[in-house]
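Q: Give me a 3D structure for the following:
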Amino acid sequence: MSGSSYGKIFKVTTWGESHGKGLGVVVDGVPAGIELSENDIQLFLNRRKPGQSKFTTPRKEDDTVEILSGVFEGKTTGTPVSMIVWNKNQNSKDYSEIASYYRPGHADFCFDEKYGFRDYRGGGRSSGRETIGRVAAGAIAVKMLSSLGVSFLTYTKSIGCIEITPENFKVDEIDNNPLYMPDATAAKKAGIYLEECIKNQNSSGGVCECIITGLPVGLGDPVFEKIDANLAKAIMSIGAVKGFEIGDGFEAAKATGLTNNDAFIIEDGIVKKTTNHSGGTLGGMTDGSPLILRAAIKPTPSIANTQHTVNKSGENIDISIKGRHDPIIVPRAVVVVESMAAITIADALLINMASRMDKIIDFYK
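A: Residues are numbered from 1 along each chain as shown. Modelled structure (predicted):
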């Protein structure tokens, strides 16, 4: 199986299965001299680990990270940073039954057809636990970017049909509720809605939004390496993501040129935009405005309610999936979306250093 790596200079390779001995990541291209500890990584992993509220799987995992290489005396050495999280609370017997059939909404059928064999314990590489490596790598990317004044604000924008409103938006509220919504009223309504989903042995989807500020102008290249295209690939590579938007996204299809174009102005000698319908990119490059992206997350496919499927003998059957599953993926996906965005931006920044000869000359003088 290829395709477990992402990035050109800041390159991330994740490995491991949900019910294997552990999961991890190798991050190549990390600049030397970044102050980095296991606690820096753990803070990010704690945002995605299970068992933190009634809206996440009751599976308890400490998800404690160990840095195996690339850090010495508290700083990155410039060599690959390798990290591991040991699996300690697998319950593989919960999944023994599904070896004989294909779960709706899962990759079981595709794995069997492609490889002729699959790890049926929790989904293997298609499990949400694969994102542990992405988040660990994202923690490094965010720390690197923060030293350059780049910051991330990521949260749950909507759950089902319940969406946050601008008038109730408060950044401090994001960490005050288990759904990571910056709107207390919307979070309360969403909580009631999710309790109904749980009661009905069902699940819900939602949308994550990420706002990136402090970006320089010109990240990304204008043809096949557009920053928005690379962000789309990064975000869409997350298992539960089914849609991606940047700026006005699909709403731009309803606009006209006059309403969609962002007018330029000079303010304090700096070129700025009066609006940001483009979401911080133009021609595949960052334009210096806040970069705004959204990810649509599908409902958790593992539900206890009865579903129709087929078994490997070619028979139509009804199933009820057992195990410990999230009624909604969105809150735990918030940090995964942020991490993949940060990895993409870190890679683009390193690539961009070679875009102009005068900058190269200045660096090597």
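Q: In the stretch 1-150 of the chain, what residue spans correspond to helices?
A: 38-48, 108-115, 131-146 (DSSP state H, counting those that start in this stretch).
Q: Out of those helices, which gets the lowest mean score?
A: Least confident of the helices of the stretch 1-150 of the chain, judged by mean pLDDT, is helix 108-115 with a mean of 89.
Q: For that one, name the packing helices and strands.
A: With contacts defined as 3 or more C-beta pairs under 8 Å, 6 or more residues apart in numbering; DSSP states H and E, helix 108-115 has no packing partner among the helices and strands. All C-beta atoms are positioned from the backbone trio N, CA, C, and that covers glycine.
Q: Convert it to CSV, retaining C-alpha atoms only.
A: C-alpha atoms of helix 108-115 as CSV (Å, rounded to 0.1, in the frame of the first residue of the first chain):
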residue,chain,number,x,y,z
ASP,A,108,-14.6,-3.0,4.0
PHE,A,109,-15.8,-3.9,0.5
CYS,A,110,-13.2,-1.8,-1.3
PHE,A,111,-10.4,-3.3,0.8
ASP,A,112,-11.4,-6.8,0.0
GLU,A,113,-11.8,-6.1,-3.7
LYS,A,114,-8.5,-4.2,-3.9
TYR,A,115,-6.2,-6.3,-1.7
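Q: now for the helices of the stretch 1-150 of the chain, which one comes closest to T79?
A: With distances scored as C-beta to C-beta, the stretch of the helices of the stretch 1-150 of the chain nearest to T79 is helix 131-146 (13.1 Å).
Q: Deepest in the core, which of the helices of the stretch 1-150 of the chain is it.
A: Comparing these by mean neighbour count (mean count of other C-beta atoms under 10 Å), helix 131-146 comes out on top with a mean of 25.
Q: From the contact counts, what lies against that one?
A: Helix 131-146 packs on strand 11-16, strand 22-28, helix 38-48, strand 81-86, strand 151-159, helix 330-352, going by 3+ C-beta pairs under 8 Å, 6+ apart.
Q: As CSV, the ones you listed with distance to C208 would be great.
A: Output for the helices and strands packed on helix 131-146, formatted as CSV (distance: least, C-beta to C-beta, whole Å):
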stretch, distance to C208
strand 11-16, 19
strand 22-28, 21
helix 38-48, 12
strand 81-86, 22
strand 151-159, 6
helix 330-352, 5
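Q: Buried deepest among the ones you listed, which one?
A: For the helices and strands packed on helix 131-146, where neighbours mean mean count of other C-beta under 10 Å, the stretch averaging the most is helix 330-352, with a mean of 25.
Q: what angle separates it from helix 38-48?
A: 130 degrees (axes from the mean of the first three to the mean of the last three C-alpha atoms, to 10 degrees).
Q: outside of the next helix or strand after helix 330-352, which residues touch it?
A: The helix or strand immediately downstream of helix 330-352 is helix 357-364, counting by DSSP states H and E. Here helix 357-364 makes contact (C-beta atoms under 8 Å, 6 or more residues apart in numbering) with M353, A354.
Q: Okay, angle between helix 357-364 and helix 330-352 too, please.
A: Using the same axes, to 10 degrees: helix 357-364 against helix 330-352 is 90 degrees.
Q: Go through the helices of the stretch 1-150 of the chain and name the closest to D228.
A: Shortest distance between D228 and the helices of the stretch 1-150 of the chain, using C-beta to C-beta, is found for helix 131-146: 17.6 Å.
Q: Can you say which of the helices and strands packed on helix 131-146 is nearest to I198?
A: strand 151-159 (12.9 Å).
Q: Which stretches in the stretch 201-350 of the chain count as strands?
A: Secondary structure of the stretch 201-350 of the chain (DSSP state E, counting those that start in this stretch): strands at 206-213, 241-246, 264-267, 270-273, 281-282, 285-286, 291-297, 307-310, 316-319.
Q: looking at those strands, which is buried most?
A: Highest mean neighbour count among the strands of the stretch 201-350 of the chain (mean count of other C-beta under 10 Å): strand 291-297, a mean of 25.
Q: Show me what that strand is packed against.
A: Using 3+ C-beta pairs under 8 Å, 6+ apart, strand 291-297 sits against strand 206-213, helix 227-236, strand 241-246, helix 330-352.
Q: could I get these as TSV with distance to Y120?
A: Formatted as TSV, the helices and strands packed on strand 291-297 follow (distance: least, C-beta to C-beta, whole Å):
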stretch	distance to Y120
strand 206-213	27
helix 227-236	25
strand 241-246	23
helix 330-352	22
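Q: Could you save those as CSV and add columns showing mean pLDDT and distance to N200?
A: Listed next are those as CSV, based on pLDDT from 0 to 100; distance: least, C-beta to C-beta, whole Å:
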stretch, mean pLDDT, distance to N200
strand 206-213, 98, 17
helix 227-236, 98, 29
strand 241-246, 98, 22
helix 330-352, 97, 18
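Q: thinking again about what came up before, could I get the strands of the stretch 201-350 of the chain as a markdown table with distance to V171?
A: A markdown table is the format used below for the strands of the stretch 201-350 of the chain (distance: least, C-beta to C-beta, whole Å):
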| stretch | distance to V171 |
| --- | --- |
| strand 206-213 | 10 |
| strand 241-246 | 21 |
| strand 264-267 | 24 |
| strand 270-273 | 22 |
| strand 281-282 | 23 |
| strand 285-286 | 22 |
| strand 291-297 | 15 |
| strand 307-310 | 39 |
| strand 316-319 | 42 |
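Q: which one of those lies closest to S151?
A: Of all the strands of the stretch 201-350 of the chain, strand 206-213 comes closest under C-beta to C-beta, at 5.4 Å.
Q: Point out where the chain drops to low pLDDT.
A: 1, 50-61, 89-95, 323-324 (pLDDT under 70).
Q: Spatially nearest residue to V171 (excluding sequence neighbours)?
A: Spatial nearest neighbour of V171, excluding adjacent residues (C-beta to C-beta, 6 or more residues apart in numbering): P182 at 6.0 Å.
Q: That's all I had, so thanks and see you.
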